[in-house]
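J.: Below are the sequence and a predicted model for it; my questions follow.
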Number of protein chains: 2
Amino acid sequence: MADERRLDVLRAIVEDYVATHEPVGSRALLERHQLGVSPATIRNDMAALEDEGYIAAPHTSAGRIPTDKGYRMFVDRLSTVKPLSGAERRAIEQFLTGAVDVDDVVQRSVKVLAQLTQQVAIVQYPSLTRSTVRHVEIVPLGGPRMLVVVITSSGRVEQRIVELAAEPDENLVADLRSRVVGATVGSRLPEASLALADILETFAANDRPVVTSIVTALTQVFSNERSDDRIAVGGTANLARFGADFDSAIRPVLEALEEQVVLLKLLGEATAGISVRIGHETGHQALSSTSVVATGYGPADDALANLGTVGPTRIDYPSTIAAVAAVSRYVGRTLNDNWSLDH
Amino acid sequence: MADERRLDVLRAIVEDYVATHEPVGSRALLERHQLGVSPATIRNDMAALEDEGYIAAPHTSAGRIPTDKGYRMFVDRLSTVKPLSGAERRAIEQFLTGAVDVDDVVQRSVKVLAQLTQQVAIVQYPSLTRSTVRHVEIVPLGGPRMLVVVITSSGRVEQRIVELAAEPDENLVADLRSRVVGATVGSRLPEASLALADILETFAANDRPVVTSIVTALTQVFSNERSDDRIAVGGTANLARFGADFDSAIRPVLEALEEQVVLLKLLGEATAGISVRIGHETGHQALSSTSVVATGYGPADDALANLGTVGPTRIDYPSTIAAVAAVSRYVGRTLNDNWSLDH
DNA sequence: GACTGGCACTTGGCATCAGAGAGTGCCAGC
DNA sequence: GCTGGCACTCTCTGATGCCAAGTGCCAGTC
């Protein structure tokens, strides 16, 4: 049936354009794909595809390139995810296994993802908001200085130094510590933050100054705005592959990469499964010729944070999707096996 | 005297080229600077400067541009550091004052430095190797898991989770902790690392497994290879200013920026005062048309780590040097005031 | 009715070329 | 030692013409 062949033609155009980065014409198409029809027929199909908005011609007599809509169709209905090779999988696994702590895992993932996809990779640090409190310590450092340490279920350790007016009573600190542990361990951080407020009330008035200082520090850690925003970016050198014209293609991306807020938003919308946003679908003028492939990661289905890639719209979607999925899986597993305190 | 005017001409060429990014000819030079002589005289001087290798002509009939040697002369003998404006200084100070911890200081400095210089900024995290041990804690997390925490004089807090074979004896841990504190606090990290080896010997044989595990973790922290390598990079979007030709000017820099080893080496050689490396002086083929301005930072003269900028050779050296110096000074002060435990 | 071969037409890219502009080097004179 | 003048060199720009690639359409065929 003709309709089906048209989609075959679209698929062929996307594949060829991704491979060559040049507008693909009817003849070139036939040389690389066995479609069993003549160039004239292909031309008719192309004209129809252009009418429907799946492809476009940069100028009257050049070949066609896929539009965002064309890529969308390709991703949704015309392609199958291309599984990674065994070697690639082993590479990811080995590379991540060498990590010494959570930060290292994030930094290594960014590298491996950039390497695999030849694009810019972005990995969000495990979110504090979405993890639970594993442990709280309040350690006297001698004198009026105290160290508060919070360990989360994602393996992250956050600490803060608190300076009190004077050296506090040892028993008071121990008491505070045990009450805080009791009230917060196991809770998600935002809830733990609320629980702290109640604890404060239970202390005698003359203990309040000390308790308030420490509780404030803990609250800051629990409701840490900053940490949730932390992001690692890698593979910026791959921007070289984006296209020849620096100002229109590369500079906006570099600028976006420095804007953490933008990155977070791009990654953030990927809640269930893998999200692919193509060109204008990113919702950013500056990124209108880039695509973002993102997904969550974390132990089991509970996403701790997100990771993904940013590349030109003309990327190899099946491979990129496979790479993002694989890295996400391995990162989740690594975090779970090595730094989760659950089991 | 003629010799002196020749140097004036060189200075004028550097200043003009930095401002316009175009080869500067004898006529244009006279329009912008009052040198009191005719174009022909300037041409003679230029010919002499070219013979001596300070300037070069891209092709027979274009103006001249400074060579690396020319910039070197300019920096060493022809320029005076251009102090920052009060507004700039206040901006740095305010921006850094808002930081909540050491990591935040580093990230903010990188931003402010990139902003000020309009170049790529690099800041090394405070070195562990060069700081001293302020405090050590060994905290039981319940069950066989222990948390070891090390706080350094630079305000950094490093921690590691240790998994023992079984829950250790409480007194043993307390004993170990106090001996470690006694032996290491105040020492530089490499020395502390050595001191740990001796401690191990003093424990009874059947306590050895537990002690060994914990001491190993501490040793890892003390002799942390990874942390000394940490670096923050910012302002990559400023690469847009480097030049028009992407492949020759920008890609190599992007690639170098991803290679931490290279960055560390570039920053690392800046021990005393401010180091300016121009073009080939960087010692890297790929960076032959970029300059690196770097310096150490830290409380007083004891450099904890380095920071600097990477830009094209044609930067405004007086301003860049001033900015690097100022940021270094403020970072050192901020670390000292807020996170040093010394006073 | 769908496919095919053929043909006229359009267009960007490339090489070629001439002219303009900028700048130099050198020489003779002050 | 400086200056004015002049011939020369080189790049840059815009115009021109040609070529290859590709399209759209039409008439013919299975």
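T.: It's in.
J.: now the helices for the stretch 151-300 of chain A?
T.: Here the stretch 151-300 of chain A has its helices, by DSSP state H, counting those that start in this stretch, at A:170-184, A:189-201, A:208-222, A:225-228, A:251-258, A:260-268.
J.: quick one: contacts for residue A:91?
T.: If you count contacts by C-beta atoms under 8 Å, 6 or more residues apart in numbering or on different chains, residue A:91 has them with residue A:112. Backbone N, C-alpha and C define where each C-beta goes, glycine included.
J.: so what's residue A:46 closest to, chain neighbours aside?
T.: residue A:64 (5.7 Å; C-beta to C-beta, 6 or more residues apart in numbering or on different chains).
J.: That neighbour bridge partners, please.
T.: Counting by DSSP bridges, residue A:64 forms beta bridges with residue A:24.
J.: pLDDT value on it, please?
T.: pLDDT for residue A:64: 93.
J.: Does residue A:224 touch residue A:128 like I think?
T.: Yes - the pair formed by residue A:224 and residue A:128 meets the contact definition of C-beta atoms under 8 Å, at 5.4 Å.
J.: Mind listing the shared neighbours of these two?
T.: With C-beta under 8 Å, 6+ apart, residue A:224 and residue A:128 have common neighbours A:158, A:189.
J.: How many residues are close by the residue nearest to residue A:46?
T.: 25 (other C-beta atoms under 10 Å in any protein chain shown).
J.: List the contacts of it.
T.: A:13, A:23-25, A:46, A:49-50, A:55-57.
J.: Most neighbours among these, which one?
T.: Once you tally neighbours by other C-beta under 10 Å, residue A:13 ends up highest among the contacts of residue A:64, having 29 neighbours.
J.: Is it correct that it falls within a helix?
T.: Yes - under DSSP: H, G, I helix; E, B strand; the rest coil, residue A:13 sits within a helix.
J.: And it, how far from residue A:38?
T.: 17 Å (C-beta to C-beta, to the nearest Å).
J.: So which of residue A:224 and residue A:128 has more stuff around it?
T.: residue A:128 (27 against 20).
J.: Surely the more buried one forms part of a strand?
T.: No - with three-state DSSP as the criterion, residue A:128 is located in coil rather than a strand.
J.: How is the residue of the stretch 51-200 of chain A found nearest DNA strand D assigned, secondary-structure-wise?
T.: Nearest residue of the stretch 51-200 of chain A to DNA strand D (C-beta to the nearest atom of the strand) works out as residue A:61 at 3.9 Å. Following three-state DSSP, the label given to residue A:61 is coil.
J.: Please tell me the pLDDT value assigned to it.
T.: 81.
J.: neighbours around it, how many?
T.: 7.
J.: With residue A:292 instead?
T.: By other C-beta under 10 Å, neighbour count at residue A:292 equals 26.
J.: Quick one: name the residues of chain A near DNA strand D.
T.: For chain A, the residues in contact with DNA strand D (C-beta under 7 Å from any atom of the strand) are A:23-28, A:39-40, A:43, A:46-47, A:50, A:57, A:60-64.
J.: What about DNA strand C: which of the residues you listed touch it?
T.: Okay, of those touching DNA strand C (C-beta under 7 Å from any atom of the strand), that's A:40, A:60-62.
J.: ok, so of those, who is nearest residue B:4?
T.: residue A:62 (61.1 Å; C-beta to C-beta).
J.: how much space between the closest residue to the closest one other than its chain neighbours and chain B?
T.: Leaving out its chain neighbours, the residue that sits closest to residue A:62 by C-beta to C-beta, 6+ apart is residue A:23, at 4.6 Å. For residue A:23, the distance to chain B equals 22 Å [C-beta to the nearest C-beta, to the nearest Å].
J.: before we move on, what about residue A:260?
T.: Residue A:260 is 10 Å from chain B, by C-beta to the nearest C-beta.
J.: Kindly report the same for residue A:254.
T.: According to C-beta to the nearest C-beta, residue A:254 and chain B sit 4 Å apart.
J.: Pull the contacting residues for that residue.
T.: A:236, A:239, B:236-237, B:239-240.
J.: now for the residues you listed, which pair is the farthest apart?
T.: It's A:236 and B:240 that sit farthest apart of the contacts of residue A:254, by C-beta to C-beta, at 12.8 Å.
J.: Lowest-scoring secondary structure element of chain A by mean pLDDT?
T.: helix A:225-228 (a mean of 62; mean pLDDT, DSSP states H and E).
J.: More neighbours: which of residue A:236 and residue B:240?
T.: Between residue A:236 and residue B:240, residue A:236 has the larger neighbour count (other C-beta under 10 Å), namely 22 against 18.
J.: Tell me who's in contact with that one.
T.: A:120, A:254, A:257, B:236, B:254, B:257-258.
J.: Once you drop chain neighbours, what's closest to the residue of chain A found nearest DNA strand D?
T.: Distances between chain A and DNA strand D by C-beta to the nearest atom of the strand are smallest at residue A:25, namely 2.7 Å. Nearest residue to residue A:25, sequence neighbours excluded (C-beta to C-beta, 6+ apart): residue A:63, at 3.7 Å.
J.: and that neighbour, how many residues sit next to it?
T.: 20.
J.: That one and chain B, how far apart?
T.: 25 Å.
J.: quick one, phi psi at that residue?
T.: phi -70, psi -170 (degrees, to the nearest 10).
J.: mind listing what it touches?
T.: Taking C-beta under 8 Å, 6+ apart, one finds A:22-26, A:28, A:57 in contact with residue A:63.
J.: Which single one of those residues is nearest to residue B:336?
T.: Using C-beta to C-beta, the contacts of residue A:63 come closest to residue B:336 at residue A:22, 58.1 Å.
J.: what's the helix or strand for that closest one?
T.: Assigned by DSSP states H and E, residue A:22 belongs to no helix or strand.
J.: Which one of the contacts of residue A:63 is nearest to residue A:169?
T.: So of the contacts of residue A:63, ranked by how close each gets to residue A:169 (C-beta to C-beta), first place is residue A:22, at 75.8 Å.
J.: Tell me, what's the model's pLDDT at the closest one?
T.: For residue A:22, the model assigns a pLDDT of 90.
J.: what's the burial count for it?
T.: 12.
J.: any idea how far it is from residue A:65?
T.: In terms of C-beta to C-beta, residue A:22 sits 9 Å off from residue A:65.
J.: ditto for residue A:178
T.: Distance from residue A:178 to residue A:65, by C-beta to C-beta: 66 Å.
J.: if I look at the residue of chain A positioned farthest from its centre, how far off is DNA strand C?
T.: Largest separation from the mean C-alpha position in chain A: residue A:206, at 47.2 Å (C-alpha atoms, centre = their mean). Computed as C-beta to the nearest atom of the strand, to the nearest Å, the residue A:206 to DNA strand C distance reads 79 Å.
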